[in-house]
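K.L.:
Sequence first, then the predicted structure:
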Amino acid sequence: MSPPYPASAELPEALLAFRLPVEPRYRDDAAGLPGAEPRAVLAPRTVADCVCILRGLQAAGLRAVVQGGRTGLSGGARVRPGEIVLSTERLVETPVIDPIAGTLTAGAGTVLETAQVAAREAGFFLAADLGARGSATLGGMAATNAGGPLAVRYGTFRQQVLGLEAVLADGTVIRRMGGLAKDNSGLDLAQMLVGSEGTLGVITHVVLRLHPAPIARRVAFCALASVAAAIRLLPILRAGLGPSLQACELIVDPLLSEACAARGLRYPFSSPTPAALLIEIAELGSNEGERLEAVLGQALAEERISDAVLSASEAECLKLWSLREGCSHYLIDNAGPITSLDLSLPIAAIAGFLPEAEAICAGRARPLVFGHLGDGNLHYILAGKPDHSLVGDVFALTARHGGVITAEHGIGQDKVDWLPLCRSGDEIEAMTRLKATFDPGWILNDGRVFTRSREKL
Ligand SMILES: Cc1cc2nc3c(=O)[nH]c(=O)nc-3n(C[C@H](O)[C@H](O)[C@H](O)COP(=O)(O)OP(=O)(O)OC[C@H]3O[C@@H](n4cnc5c(N)ncnc54)[C@H](O)[C@@H]3O)c2cc1C
């Protein structure tokens, strides 16, 4: 139940024009915990609207949370009691492609899939993808520095952002929209907004880097004897496939068998495999497909992999990807209560980390594991009742192995308690000072990322 609004909940007159009906969907994100009912939902259409809203909130001492597609998995967009929602859903002008610069410019509320299609129709490739492509927004992806399978080849969303426009919480407009590949004129305020999870300002527009469109892609699904065998295969794939390698996704047993059974998918191998690796390459016009066949043939001959299924068409690529994405859907829809951890580890540490983590989980939760192996990014899912102390134990183990508690999804509200495991007190203090400079009234996304919130100042 949401708490009653305080008496000062009246919205300033200047903000009434931006209101949308308060619907239940605005309460939370995809992390699965219930949010409060927002005091109001405000949706700017332009950067000037956004300035007006933020100045109005500042003057009235009201707090807001920024929302894009609400697909976040750390509770960043989930509403806290007394907050107003600032939604980017009206910042959605048609994406503009500059074919000479190779850039795409779009409003922050533009959905990823819309931008992908616009890039493809113009003969380019937007090197960002994730399972929530039909709802996640470009602004949200910039704010969380989203990763996804393509990051192994193209880097995270930060590497795709050539420029952006944002309104800082105090109403200052940052406008770095020139799309320049090189710009060393002072501090890079645009990149400072990337990964800031809405704590510093509202991103209103982005300029993204585009890449040459591949002619086609090919996908292989490989069976391996262990996670350690998958890790040993990585340098062989990198050396053999070069820059055409653009995804390298690990699924640890029993997740694949369970997902196939629950979602009616055909298990790709003749018998259950301890670890499976989905490999995707882009065909750019040379002999990438033949190289993939040769590398896999050699790996089979050397018994580095025990089985492999190779796509022969785009339809087969989609079918193999449906096995990987089926694991995410299985976890969200069929696996019962889960806590989704998104760990970043040195790749070489993963094989040692997994048995230790399993021992920690014994009798407390059932771990289900998949992830972006090429980036050392494990989606470590705890199936069972939420257990705060277990999460802390797995995070502490991650830190002991040289990792951090989030690779992609961010700190949001749900991991604030554990930020000190991977950031020093001095670093957190420096972040808090930055926050106070950009948001002196502490009105935006309070209680996200920083261990110190306005209430504790
Ligand atoms: C099925 C599924 C698969 C996913 N796969 C991946 C994956 O592979 N890789 C990955 O990185 N993530 C993944 N995610 C998580 C999620 O899609 C990303 O975090 C995404 O970037 C969030 O975008 P959004 O628009 O939904 O942001 P929201 O959830 O609305 O917000 C996320 C955070 O960003 C802030 N924010 C949003 N828009 C703005 C803005 N314009 N300006 C300032 N702050 C803003 C919010 O306040 C919040 O703190 C997945 C989620 C689902 C449900």
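P.N.:
Cool, got the structure.

K.L.:
Could you use CA atoms for every contact and neighbour count after this?
P.N.:
Will do.

K.L.:
list the contacts for Cys222?
P.N.:
By Cα atoms under 8 Å, 6 or more residues apart in numbering, the residues touching Cys222 are Ala276, Leu277, Leu278, Ile279, Ile305, Ser306, Asp307, Ala308, Val309.

K.L.:
My assumption is that it lies in a strand; please confirm.
P.N.:
Yes - counting by DSSP: H, G, I helix; E, B strand; the rest coil, Cys222 falls inside a strand.

K.L.:
if we can go back for a sec, so which of the contacts of Cys222 comes closest to the ligand?
P.N.:
Nearest to the ligand, judged by Cα to the nearest ligand atom, of the contacts of Cys222 is Leu278 at 14.1 Å.

K.L.:
Compare the contacts of Cys222 and tell me which is most surrounded.
P.N.:
When neighbours are counted by other Cα atoms under 10 Å, Ala276 leads these with 28 neighbours.

K.L.:
Any idea what that one is bridged to?
P.N.:
Counting by DSSP bridges, Ala276 forms beta bridges with Ala223, Ile251.

K.L.:
pretty sure it contacts Ala220?
P.N.:
No - look at Ala276 against Ala220 with Cα atoms under 8 Å: they stay out of range, at 10.2 Å.

K.L.:
ok, back up a step: which two from the contacts of Cys222 end up farthest apart in space?
P.N.:
With Cα to Cα as the measure, no two of the contacts of Cys222 lie farther apart than Ile279 and Ser306, at 14.8 Å.

K.L.:
Can you flag which of the contacts of Cys222 belong to strands?
P.N.:
Of the positions in the contacts of Cys222, Ala276, Leu277, Leu278, Ile279, Asp307, Ala308, Val309 sit in strands, assigned by DSSP state E.

K.L.:
Take these and lay them out in CSV including pLDDT and distance to Arg158.
P.N.:
Output for the ones in strands among the contacts of Cys222, formatted as CSV (pLDDT from 0 to 100; distance: Cα to Cα, whole Å):
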residue, pLDDT, distance to Arg158
Ala276, 98, 29
Leu277, 98, 26
Leu278, 98, 24
Ile279, 97, 23
Asp307, 96, 36
Ala308, 96, 33
Val309, 96, 33
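
K.L.:
so which of the residues you listed are also by the ligand?
P.N.:
Counting by Cα under 6 Å from any ligand atom, the subset of the ones in strands among the contacts of Cys222 that neighbours the ligand is empty.

K.L.:
Nearest to Asp183, out of these: which one, please.
P.N.:
Distances from Asp183 to these, taken by Cα to Cα, are shortest for Ile279, at 35.0 Å.

K.L.:
and the gap between the closest residue to the ligand within the stretch 301-450 of the chain and Asn145?
P.N.:
For the stretch 301-450 of the chain and the ligand, the shortest gap (Cα to the nearest ligand atom) falls at Glu408, measuring 4.2 Å. Remark: distance between Glu408 and Asn145 (Cα to Cα, to the nearest Å) = 7 Å.

K.L.:
which residues are there in this structure that come within reach of the ligand?
P.N.:
So far as Cα under 6 Å from any ligand atom goes, the chain lies against the ligand at 29-30, 65-73, 76-77, 88, 108, 130-132, 136-137, 139-141, 143-144, 146-148, 197-198, 201-204, 408-409, 412.
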